[in-house]
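Novice: What would the 3D arrangement of this be:
(one chain, ligands or ions: 1)
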Amino acid sequence: SGELSYGGTSLDLKVTTATEGASGLDISKLLGTTGMVTLDPGYTNTGSTTSKITYIDGDAGILRYRGYPIDQLAQQSTFIETAYLLIYGELPSASDLESFTSRISRHTLLHEDLKRFFDGFPRDAHPMPVLSSSVSALSTFYQDSLDPFNPEQVELSTIRLLAKLPTLAAYAYRKSIGQPLLYPDNSLGLVENFLRMSFGFPAEPYVVDPKLARALDQLLILHADHEQNCSTSTVRLVGSAHANMFVSVAAGINALYGPLHGGANEAVLQMLSSIRSEGGDISSFVKRVKNKEPGVKLMGFGHRVYKNYDPRAALVKATADEILASLGGDDELLDLAKQLEEIALSDEYFIERKLYPNVDFYTGLIYKAMGFPTKMFTVLFAIGRLPGWIAQWREMINDPMTKIGRPRQVYTGYPERAYTPA
Ligand code: MLT
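Specialist: Predicted coordinates:
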């Protein structure tokens, strides 16, 4: 007999011979040269890496980048400063920040041929695959910064990615609405430039709303890293094969495109809209959730690691209030969201299950009020998450303990079968 741990629970396996069980499991191989294997789909309970970047205590509702609490960064820092902190490990001095910012603004332009790349996509293309393809394509246009072990090249690809992703994201958006692409204006900051390239018109000056720019900057900070989530571990895994930073990050963008990772805020908006169209009765919706009615789910609540209020959610809620008040937006949906939060947070059913609003609960409402269509929500997430992906990729490459990733599998199929032609 042998013992196999499944998702943190030990299972006893009865085996019929010393080497092969009824299920086809070869326990001697399992316990062989590599030691005990824990079957833990999706790494629910096992660590897959060490990291010095982001700390999360899901029980206490704590999130820190490099030791600094997320609320302090969101309220007092800027996205560029937070990116520097995540990537280099320390807050920048005033002159570090100035040179980092000016290096980024010098690299916002794209190679002219890369712009033509956008012509090939269909008009109704979703901007996420357009973004991931164009980020992969950066490795064909900028071949002088691909070596993962050349610190100057890593530095150059870091700056290029930070600078060009907002340009690519805005182009992916303009493409999807059939509007001409705008060149970046490097007199503007990263967020202002992105807003102008997304919403501006070629011959007209674009007046940046400082409240809008600050709110977006803050949301990008809140999304800048979140330790080993699906896209980040994808970036590390792909990078562990010594794939360059551009293609590793493109893999992360594709992971984020998956609705379970990046699609939650869109799902929240859909839920709120359907509550409204069915008469706006929150109590009856909550009852249907508790009765587990098919197709009725409380979206934007709960998180794999948080058994407490997601610290990002409180900040996002305050931003939702400010932005909808200043830009105007769907107040009705915001009211429904608040009522839902209030009812759910005072209901034993949700309290027992430790279901609190997560970061996605209000972001869709904010992005909508800012003028972004739902298909841009994951793109905004990707712009925010980029510094985290870069920091994690660099940490992985610089760690002498890193080997090419190779998650173990536990075989549960047939034992050997003799082939007989049909
Ligand atoms: C994130 O910010 O990446 C999401 O909350 C998903 C996660 O952490 O699993």
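Novice: Beta-bridge partners for the residue of the stretch 1-150 of the chain found nearest the ligand, please?
Specialist: Going by C-beta to the nearest ligand atom, the ligand is nearest to Ile56 of the stretch 1-150 of the chain, at 8.0 Å. Heads up, the C-betas are built off the backbone N, CA and C, glycines and all. Taking DSSP bridges as the rule, Ile56 bridges to Leu63.
Novice: tell me, how many neighbours does it end up with?
Specialist: Neighbours of Ile56 under the rule other C-beta atoms under 10 Å: 20.
Novice: thinking it is in contact with Pro69, fair?
Specialist: No - with contact taken as C-beta atoms under 8 Å, Ile56 and Pro69 are classed as non-touching, separated by 11.7 Å.
Novice: Show me the common contact partners of the two, please.
Specialist: Residues touching both Ile56 and Pro69 (C-beta atoms under 8 Å, 6 or more residues apart in numbering) are 62-63.
Novice: burial of Tyr66, as a residue count?
Specialist: Heads up, residue 66 is Arg, not Tyr. 19.
Novice: which one's the longest helix in this protein?
Specialist: Across the chain, the longest stretch assigned as helix under DSSP state H is helix 151-176.
Novice: Name the residues of that one that come out as buried.
Specialist: Using 16 or more other C-beta atoms under 10 Å as the test for burial, helix 151-176 gives 153-154, 156-176.
Novice: And for stretch 232-246?
Specialist: Using 16+ other C-beta under 10 Å as the test for burial, stretch 232-246 gives 232-240, 243-246.
Novice: remind me which residues of the stretch 301-422 of the chain are low pLDDT?
Specialist: Scanning the stretch 301-422 of the chain for pLDDT under 70 picks out no residues.
Novice: List, one by one, the residues from it near the ligand.
Specialist: Contact residues (C-beta under 6 Å from any ligand atom) of the stretch 301-422 of the chain with the ligand: 303-304, 359.
Novice: which ones are touching His223?
Specialist: Shown in contact with His223 (C-beta under 8 Å, 6+ apart): 312, 359, 380-381, 384-385.
Novice: Grab the nearest non-local neighbour of it.
Specialist: Excluding the flanking residues, the one nearest His223 by C-beta to C-beta, 6 or more residues apart in numbering is Gly384, at 3.1 Å.
Novice: What residues does that neighbour make contact with?
Specialist: Contacts of Gly384 were listed using C-beta under 8 Å, 6+ apart, and they are 79, 219-224.
Novice: what's the domain layout of the protein?
Specialist: As given by automatic domain parsing, the domain ranges for the chain are 2-43, 264-370.
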